[in-house]
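**Q** Turn this into a model:
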Amino acid sequence: MSISKQLIYVGLLALSLVGSPRALGQLPTKGSKGLSTDSVSREDKASDYYYRGVLAQRLGRTEEALDLLKRAHTLIPGDPIVAFALGGIYMDTERQAEALPLLEQAYRSDSTEMAFATALSSAYIATERMEDALRVNKQLLRLDPDDIDVKYRLVQLYARTGYIPQAIQLCSELQKRFRHHPDPYTRLTQMKIHLLELSGDTKAIVQEYETQASLFPAREAKLYYDLILYLIQSEQYREVERRLAADLKKGRIHPADAQALRVHLHLARKEYDQAEKELIKLNESPELRASEKFALWTLLSQAVVGEEKLLGEQYMPYIKRLLSVHPEDMDILSSYARLLRYRSRHQEAIDLLRPQTKLHPRLPWLWEELFQNAVGLSQDSLVIQIAKEAVHYVPEEWRYYLAIATGYFVEDRIPEAIKTLEQGAQSISPQTGIGAARLNGLLADLYAERGTPAQRAQADSLYRRAIEASPDDPDILNNYAYRLAKAGKELELAEQYASQAVKLSPEAAHILDTYAYVLHRRGNDGLARLYQRKALDQAGEEASADMYDHMGDILLALGDQDEALLYFINARKAYEQQGNLEEKHQVEAKIARLKAPEAKTTKGNKQTKKQTR
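**A** Numbering: from 1, shown residues only. Okay, here's the model as predicted:
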């Protein structure tokens with residue numbers, strides 16, 4: 001008898017509304033003798049808060065429900081129904097420490113109330129108080145001896161608290177209940193076998209497999225296979241040999257399964273050469289699934305090469321052979337393609353997968369593998385080509401739009417890049433996360449720098465949408481902070497975003513540069529100089545013209561004109577190399593002003609200028 005929390009709340013609300021004598025702690029009605037007006041008023045308020053809180057919880061308005069029920073509990077802290085409802089909301093919001101005393105209060109008021117006991121049991125389990133959970137579930141079973149859910153939970157609690165015999169006994173009782181239901185019986189048997197392993201009763205384990213096979217003949221082959229596999233794992237090798245021969249003769253297991261079990265046996269005995277020979281023969285059998293063969297090759301490789309390494313190179317031809325034996329098996333194709341990619345054999349993987357996109361164009365993983373291998377080859381044209389094909393069949397994958405838009409951007413086809421990003425932002429799934437953030441962030445960059453006036457006006461909202469989608473993407477935080485600083489608006493917000501970007505990516509030169517620039521715009525030039533020097537140090541020979549230009553501005557603000565001039569000269573040279581003539585002219589104007597005789601000031605003048613900025 002499993003009762004969801006929502007149903008419990010609904011049930012208790014209904015119970016209270018029909019006038020249960022226990023509802024709301026047996027509150028007396030208005031006009032009762034012996035009660036003050038204030039007391040009646042307090043109880044009426046508590047009742048109102050309680051009913052509204054339960055209703056809000058039913059409607060999914062958790063914060064509102066929590067506030068109302070806290071008010072009700074403050075007015076009548078001894079009422080078990082209110083305590084139970086408030087404790088339930090705390091559990092829903094994973095505030096177990098606050099929920100437990102409330103649920104315990106409700107349970108103490110009436111340990112025969114199933115709803116109270118069930119909720120408290122869940123709270124004890126959530127807080128790892130298994131002995132307490134065991135005690136409460138024993139009480140639940142006394143209340144309803146036929147409750148299957150409670151019995152199943154008790155099996156687990158007995159096991160987790162070390163009462164293995166009791167767990168086995170209760171598991172056996174449940175098995176009798178489900179003798180004619182294969183799935184639940186199988187789950188119970190698996191649980192019981194695990195318990196028997198803990199108790200070391202090998203004979204009983206074998207009996208469990210055989211009993212299950214007799215009850216469900218349709219599953220006989222798998223059950224006898226699992227039994228022999230268990231015997232191998234428990235190193236009962238003689239019994240394995242005997243059963244293999246007997247079961248194969250009786251038709252209990254298929255010849256291909258027997259071969260697979262022999263591979264397991266050789267691996268357990270560390271007879272790796274024999275295991276490989278058996279596997280080579282098994283490779284040609286169409287009766288065993290390719291995925292099972294691949295799993296066996298993986299086990300062999302882990303034993304020989306090492307568990308943390310890729311499948312051994314010497315076994316790759318055998319995996320490739322599986323593609324011929326099982327040409328329609330997409331799982332083995334996927335596994336082999338990933339192995340090729342992990343080994344940087346990208347062109348081989350592409351040649352293998354390309355024809356499959358014509359036969360199975362709607363398989364997302366096919367395009368994913370092709371795309372990843374094209375990226376691995378560092379062939380931008382191929383990456384873009386595959387992305388353009390893939391986006392028709394997998395329109396929800398953000399990376400394809402990003403690749404296509406990047407291609408357009410490189411060719412200076414800005415309208416096409418913008419259109420692609422707009423389409424992607426509408427089509428991807430989910431609409432949150434790194435994909436949504438990258439698309440909206442890049443779209444905001446293009447709107448801000450190269451868009452129409454209407455698009456430039458939308459850039460801020462797109463940046464904010466990108467940050468909402470992925471608040472911890474340092475590049476998006478950085479770009480928006482820089483845009484705000486350049487515009488000279490919302491500088492406090494710009495500093496907040498730039499600071500967060502530095503925390504997320506403290507060694508990135510361009511992010512350090514943005515933070516220094518924002519600090520400069522806010523007048524904190526001393527700290528700005530520290531971060532700008534760090535940005536230039538991190539960038540080294542890759543330092544951008546903007547970085548030199550920003551350092552010049554910061555030093556100029558601090559009154560260090562001579563050093564500022566050197567950085568402006570470096571910035572002019574870098575802008576000229578980039579072909580950025582507009583920025584070059586602006587820097588040349590700064591240089592000209594500094595070289596003019598009237599720009600020379602005394603140290604005292606510098607200090608006065610700095611104070612009055």
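**Q** and the residue most central in space within the chain, what does it touch?
**A** Nearest to the mean C-alpha position of the chain, by C-alpha atoms, centre = their mean, lies G433 at 10.2 Å. For G433, the contact set (C-beta atoms under 8 Å, 6 or more residues apart in numbering) comprises 469-470. Glycine gets a C-beta too; all of them are placed from N, C-alpha and C.
**Q** Could you pull up the contacting residues of the closest residue to R521 other than its chain neighbours?
**A** Spatial nearest neighbour of R521, excluding adjacent residues (C-beta to C-beta, 6 or more residues apart in numbering): A485 at 4.7 Å. By C-beta under 8 Å, 6+ apart, A485 lies in contact with 491, 494, 498, 514, 517-518, 521.
**Q** how about 7 Å then?
**A** By C-beta atoms under 7 Å, 6 or more residues apart in numbering, the contact set of A485 is 491, 494, 517-518, 521.
**Q** Pull the most distant pair out of these.
**A** L491 and Y517 (10.7 Å; C-beta to C-beta).
**Q** Among those two, which residue is more densely surrounded?
**A** Higher neighbour count among L491 and Y517: Y517, with 27 against 18, using other C-beta atoms under 10 Å.
**Q** Distance check, the more buried one against R456.
**A** 20 Å (C-beta to C-beta, to the nearest Å).
**Q** same check, this time on L223
**A** From L223 to R456 the distance is 69 Å (C-beta to C-beta).
**Q** Between those two, which has more neighbouring residues?
**A** Neighbours were counted for L223 and for R456 using other C-beta under 10 Å; L223 has more, 22 against 14.
**Q** which SSE is the more buried one in?
**A** Here L223, judged by DSSP states H and E, is contained in helix 220-233.
**Q** cool, and P471?
**A** Using DSSP H and E, P471 sits in no helix or strand.
**Q** What score does the residue nearest to T112 when sequence neighbours are not counted have for pLDDT?
**A** Nearest residue to T112 in three dimensions, chain neighbours excluded: L143, at 6.1 Å (C-beta to C-beta, 6+ apart). L143 is assigned 91 on the pLDDT scale.
**Q** Check the contact between L143 and F116; I expect there is one.
**A** No: with contact defined as C-beta atoms under 7 Å, L143 does not count as touching F116 (10.8 Å).
**Q** Compare the two (neighbour count), which wins?
**A** When L143 and F116 are compared for neighbours, F116 comes out ahead with 26 against 15, by other C-beta under 10 Å.
**Q** ok now do that one, which residues does it touch?
**A** Going by C-beta under 7 Å, 6+ apart, F116 touches 84, 106-107, 110.
**Q** swap in Q166?
**A** Neighbouring residues of Q166 by C-beta under 7 Å, 6+ apart: Y158.
**Q** Relative to K203, how far out is it?
**A** As judged by C-beta to C-beta, Q166 and K203 stand 20 Å apart.
**Q** try A589
**A** 94 Å.
**Q** Neighbour count for those two, which is higher?
**A** Counted by other C-beta under 10 Å, A589 and K203 do not tie: A589 has more neighbours, with 11 against 8.
**Q** Secondary structure element holding the more buried one?
**A** A589 belongs to helix 581-595, assigned by DSSP H and E.
**Q** where does that helix sit relative to the chain's centre, distance-wise?
**A** Distance of helix 581-595 from its chain centroid, counting by C-alpha atoms, centre = their mean, to the nearest Å, is 50 Å.
**Q** do the same with stretch 463-473
**A** How far stretch 463-473 lies from its chain's middle: 17 Å, per C-alpha atoms, centre = their mean.
**Q** and Y401, what is it in contact with?
**A** Counting by C-beta under 7 Å, 6+ apart, Y401 makes contact with 391, 420-421, 423-424, 439.
**Q** And it, how far from D475?
**A** 17 Å.
**Q** And the chain, split by domain according to the record?
**A** 216-339, 504-611 (automatic domain parsing).
**Q** These: lowest mean pLDDT?
**A** Lowest mean pLDDT within these: domain 504-611, a mean of 88.
**Q** Poorly predicted segments of the stretch 1-150 of the chain, please.
**A** Low-confidence segments of the stretch 1-150 of the chain, defined by pLDDT under 70: 1-40.
**Q** Now L288. Its backbone dihedrals?
**A** phi -100, psi 140 (degrees, to the nearest 10).
**Q** Show me what counts as buried in the helix or strand where S461 lies.
**A** Assigned by DSSP H and E, S461 falls within helix 453-469. Residues of helix 453-469 classed as buried: 455, 458-460, 462-463, 465-467, 469 (neighbour count, 16 or more other C-beta atoms under 10 Å).
**Q** which outside residues touch it?
**A** Identification of contacts with helix 453-469 by C-beta under 7 Å, 6+ apart yields 432-433, 436-437, 440-441, 443-444, 447-448, 476-477, 480, 483.
**Q** Secondary structure, pLDDT and distance to L536 for those residues - can I get that in a markdown table?
**A** Putting these into a markdown table (DSSP: H, G, I helix; E, B strand; the rest coil; pLDDT from 0 to 100; distance: C-beta to C-beta, whole Å) gives the following:
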| residue | secondary structure | pLDDT | distance to L536 |
| --- | --- | --- | --- |
| T432 | coil | 90 | 36 |
| G433 | coil | 93 | 34 |
| A436 | helix | 95 | 34 |
| A437 | helix | 95 | 28 |
| N440 | helix | 95 | 31 |
| G441 | helix | 95 | 25 |
| L443 | helix | 95 | 30 |
| A444 | helix | 95 | 27 |
| Y447 | helix | 94 | 30 |
| A448 | helix | 92 | 25 |
| I476 | helix | 95 | 24 |
| L477 | helix | 96 | 21 |
| Y480 | helix | 95 | 23 |
| R483 | helix | 94 | 22 |
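**Q** Many thanks, we can stop here.
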